[in-house]
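>>> Sharing a model that was predicted from the sequence below.
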Amino acid sequence: MIALPVASIFTQAFLTSLVAGGLLAGVPLMFTALGEQISEASGVLNIGLEGMMLTGAYTGFVGAYYGGHDWLGYLAAIAGGMAVSVIMVVFCVRLLLDQIVVGIAITLGAEGATSVLQGAQFGQSYPRLPAASDVSIPLLDRIPIFGASLFQQPLVVYLGFALIAFTAWMLRRTRPGLNLRAAGQKPQALDAAGVSVVGTRSLAVLTTGALAGLGGGYLSIAGAGIFVPFMTQGQGYIAIVICMLARGRPVWVLIGAFIFGMSLQLATALQIAGIDISTDVINMIPFVAVILSLILFARGDYLPPALAQPYVRGAR
Amino acid sequence: MSDVATAIEDAPESVRATTPLTGFLDLVIRSVLPLLLALVAGGILIAALGHNPFGFYLDIYRGGIELSAWQDSLMRASTLTPIALGLIVVFRANIWNLGYQGQFLLSAAMVAGLGPHLERHLSATLTLIVLFFVAGITGAVWTLIPAILKAWYQTNEIITTLMMTFIGISLAAILVKGPFQDFSSNVPQTLPLNLDQLLPTIPGTRTHVGVVIAAVLVLVVHYATTRTSFGLKLQVLGANPRAAVHVGLDPKRVILTAFMCSGALVGVAAAIEILGILGYVRADYNPAYGDAVIPFVFLARLNALAVVPFILFYSVLSIGGDFAAQNSGLPVDFLLVIVGLTLLFMVFIEYLGRRREIGRSYITPGLRAGLRLRKPR
């Protein structure tokens, strides 16, 4: 038996790194999973999330690099993600084509296109952005362990928290939110109520693209500071899983993204604590956790009934 | 009985008869056009990046066919074909196995890791045979969890197979860096297999016999999917799961079998690649072959024979694409753009086809509406 230095694991440095890193890794997941939640609530399964995220990471990086300001980067990331989601809107919502095939096409195409564009632009070099500027909230940022990491963040992170609250409120209490859910639960009813199902879903998918793009943009602008081809490494798929486990509740997206972010960050934090576990083992943990939770709670799968079903007026 | 009737109506339309002329038109419009459009769009993209598209495609021809490059293309096809067959088997049953990367890499790691130990104790031929079984079983086992979750709890297999892929990629890296590592090498990789233990070549060429194995597999899978009761079971389950239960099929068993066959075929593909070409695996090895295969499986309308010309075409594209990309200074990932575009054009032509009633559908109605995740109450 190897005696683990249990007491030394939970040092302040370890916890601070875990929380800070978890947040850094969790924010892109939070934005992207929130986007998927909106899309799924309206009945569109977005497998192309990975591609939208990657496009956002690329356009965001380019925007911040040439524009010289983070916010231009984030705007470019949103625009990039939305541009890709237009493909999904046209093919899946308007023309009623297969959502899974189009999603795979978007991911593959975006992987190739961003890699080619990065290569054509910068060749083998990966230029770095200046460090993102943080906004501290006075007093709160002095709370030990998580104060500095929670309340000393780029402005866009606070925006994300606000967005979670806003989405939760919107889906529950407002007419557009209820329309959105109706499009996923019973599109016929929405249609009969005189609201366009296609319009509602189009708007939802565009929002998803914007949020996934923003998540990707955060990854390249605030997270890494560089753009590397394939840098999302399956995070778009993790976001889909977070969204499925969150069962339509935005608050659970926040919690899920944070937990996944922390487990992505665990390797670094453990190294700070002096324990060297291979990153491969750590990388497996979130996925093993998901598989286990699916095995344990498999029966409780929550998904809107009309998910991935194109809506044809008057069809059986 | 009415359910059975719907099942036949909804069955992949390849079952129905067509006249030679409409059949030919259909072939051109539905199968070749998306690929052509993708190549044209890709060419426009190359031109936009300031390169000569004709030069690029000419380089693909040179690097993929001329001299003896066609042999490399053929060997690439022998790896891609079993993956395509594996996808055909599950897609026919209306199941999305998107976990092919994990199945491939894990099988590759097992073959490369166990190979050097086995060849010390067994004869060369026996080693090869055992390794093929190891690969097939590894691939099959890696589909078990998604298969069981799908069969018993209707858990969405897209999500579970993707999760298993990520676990498989990490696990393969752990194996290569851990128990299978060759510590005499600076990079984490497995012990290289002896050259004479690798797949023998076809006399007169430098092409390995994996090509023959792949060809045999094509015939076997084509026979099994079109001429046997197993193939019909896949089709009925894929077309209409309720009808499948009505005619006395056990969906759980069919789902499990289809998933495991698929994983085994993907594993065999990995064995062909490792034993035929590489001889070892590096920890960061991930050729992502399966992604490229998906559109061609649909273009061939889930037909094991029809997928072969597409795979051959893509193999030339991918072998020649390496050469063309080096020549022009573009990243190799450019091919992914063409693959993505092919898929998009394919669904778009599917849409036009449905509107104007030309040709036949790529995607079975079952797959199209395949995401019924909730348990019927």
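Arrived safely, thanks for sending.
>>> Now residue 118. Nearest residue, chain neighbours left out?
No chain was given, so I picked chain A. Excluding the flanking residues, the one nearest A:Gln118 by Cβ to Cβ, 6 or more residues apart in numbering or on different chains is A:Pro229, at 5.6 Å. Heads up, the C-betas are built off the backbone N, CA and C, glycines and all.
>>> actually it's chain B I care about, not the one you picked
Leaving aside its sequence neighbours, B:Leu118 sits nearest to B:Thr127 (Cβ to Cβ, 6+ apart; 4.8 Å).
>>> before we move on, the earlier item: now do the contacts for the residue nearest to A:Gln118.
By Cβ atoms under 8 Å, 6 or more residues apart in numbering or on different chains, A:Pro229 lies in contact with A:Glu111, A:Thr114, A:Ser115, A:Gln118, A:Gly119, B:Pro331, B:Asp333.
>>> so the residue nearest to B:Leu118 is in which element?
B:Thr127 belongs to helix B:124-141 when assigned by DSSP states H and E.
>>> B:Phe345 too?
For B:Phe345, the host element (DSSP H and E) is helix B:334-356.
>>> pLDDT score assigned to the residue nearest to B:Leu118?
With respect to pLDDT, B:Thr127 scores 87.
>>> Quick check: it vs chain A, distance?
28 Å (Cβ to the nearest Cβ, to the nearest Å).
>>> what does B:Ala214 give?
From B:Ala214 across to chain A, the span is 24 Å (Cβ to the nearest Cβ).
>>> isn't that residue right up against B:Pro82?
Yes. With contacts counted by Cβ atoms under 8 Å, B:Ala214 reaches B:Pro82, the gap being 6.0 Å.
>>> thinking again about what came up before, got the contact list for the helix holding B:Thr127?
Helix B:124-141 is contacted from outside by B:86, B:103-104, B:106-108, B:110-111, B:114-115, B:118-119, B:122, B:196-197, B:199, B:259-261, B:263-268, B:270-271, B:275, using Cβ under 8 Å, 6+ apart.
>>> Where does pLDDT dip in chain B?
Applying pLDDT under 70 to chain B flags the ranges B:1-19, B:23, B:195-197, B:356-377.
>>> can you check the stretch 51-200 of chain A too?
Using pLDDT under 70, the stretch 51-200 of chain A drops low at A:131-152.
>>> show me where it has strands.
Ranges of strands in the stretch 51-200 of chain A, per DSSP state E, counting those that start in this stretch, are A:135-136, A:152-153.
>>> likewise the stretch 51-200 of chain B?
For the stretch 51-200 of chain B, no strands are identified by DSSP E, counting those that start in this stretch.
>>> Can you name the residue of it nearest to chain A?
B:Tyr153 (3.7 Å; Cβ to the nearest Cβ).
>>> can you count the residues close to that residue?
Using other Cβ atoms under 10 Å in any protein chain shown, B:Tyr153 is surrounded by 17 other residues.
>>> same check, this time on B:Arg301
If you count neighbours by other Cβ under 10 Å, B:Arg301 ends up with 21.
>>> Are we agreed that it is in a strand?
No. Assigned with DSSP: H, G, I helix; E, B strand; the rest coil, B:Arg301 falls outside any strand and is coil.
>>> Tell me which of B:Ala214 and B:Pro82 has more neighbours.
B:Pro82 (30 against 25).
>>> Identify the residues contacting the closest residue to the more buried one other than its chain neighbours.
Sequence neighbours aside, B:Ala269 is the residue nearest to B:Pro82 in space, at 3.9 Å (criterion: Cβ to Cβ, 6+ apart). When the contact criterion is Cβ under 8 Å, 6+ apart, the partners of B:Ala269 are B:Thr79, B:Leu80, B:Thr81, B:Pro82, B:Ile83, B:Gly86, B:Phe104, B:Tyr289.
>>> let's go with 10 Å and repeat that
When the contact criterion is Cβ atoms under 10 Å, 6 or more residues apart in numbering or on different chains, the partners of B:Ala269 are B:78-86, B:100, B:103-104, B:107-108, B:135-136, B:139, B:210, B:213-214, B:217, B:289-290, B:293.
>>> ranges for the helices of the stretch 1-150 of chain A?
Under the criterion DSSP state H, counting those that start in this stretch, helices of the stretch 1-150 of chain A are mapped to A:6-9, A:12-41, A:49-67, A:70-88, A:99-122, A:147-150.
>>> Among the contacts of B:Ala269, which ones are in helices?
Residues of the contacts of B:Ala269 located in helices (DSSP state H): B:78-86, B:100, B:103-104, B:107-108, B:135-136, B:139, B:210, B:213-214, B:217, B:289-290, B:293.
>>> residues near B:Gln235, how many?
By other Cβ under 10 Å, the residues close to B:Gln235 number 26.
>>> With chain B in mind, check whether stretch A:37-57 reaches it.
Yes. Counting by Cβ under 10 Å from any Cβ of the partner chain, contacts between stretch A:37-57 and chain B involve A:Leu45, A:Ile47, A:Gly48, A:Glu50, A:Gly51.
>>> Could you identify the most distant pair in the residues you listed?
Greatest spatial distance in those: A:Leu45 and A:Gly51, 14.1 Å, computed using Cβ to Cβ.
>>> Tell me which of those two has more neighbours.
It is A:Gly51, of A:Leu45 and A:Gly51, that has more neighbours when counted by other Cβ under 10 Å, with 33 against 23.
>>> Most tightly packed of the helices of the stretch 1-150 of chain A?
Burial of these is given as mean neighbour count (mean count of other Cβ atoms under 10 Å in any protein chain shown); helix A:49-67 ranks first at a mean of 29.
>>> CA atoms only: put that one into CSV for me.
Written as CSV, here are the backbone C-alpha positions of helix A:49-67 (Å, rounded to 0.1, in the frame of the first residue of the first chain):
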residue,chain,number,x,y,z
LEU,A,49,-22.0,21.8,-30.8
GLU,A,50,-18.3,20.9,-30.9
GLY,A,51,-17.9,22.5,-34.4
MET,A,52,-19.7,25.7,-33.2
MET,A,53,-17.5,25.9,-30.2
LEU,A,54,-14.3,25.4,-32.2
THR,A,55,-15.4,28.0,-34.8
GLY,A,56,-16.1,30.4,-31.9
ALA,A,57,-12.7,29.7,-30.5
TYR,A,58,-11.1,30.5,-33.8
THR,A,59,-13.1,33.6,-34.7
GLY,A,60,-12.8,34.8,-31.1
PHE,A,61,-9.1,34.4,-31.2
VAL,A,62,-8.8,36.1,-34.5
GLY,A,63,-11.1,38.9,-33.4
ALA,A,64,-9.1,39.5,-30.2
TYR,A,65,-5.8,39.2,-32.0
TYR,A,66,-6.5,41.7,-34.8
GLY,A,67,-9.1,43.8,-32.9
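>>> Fine by me, thanks again.
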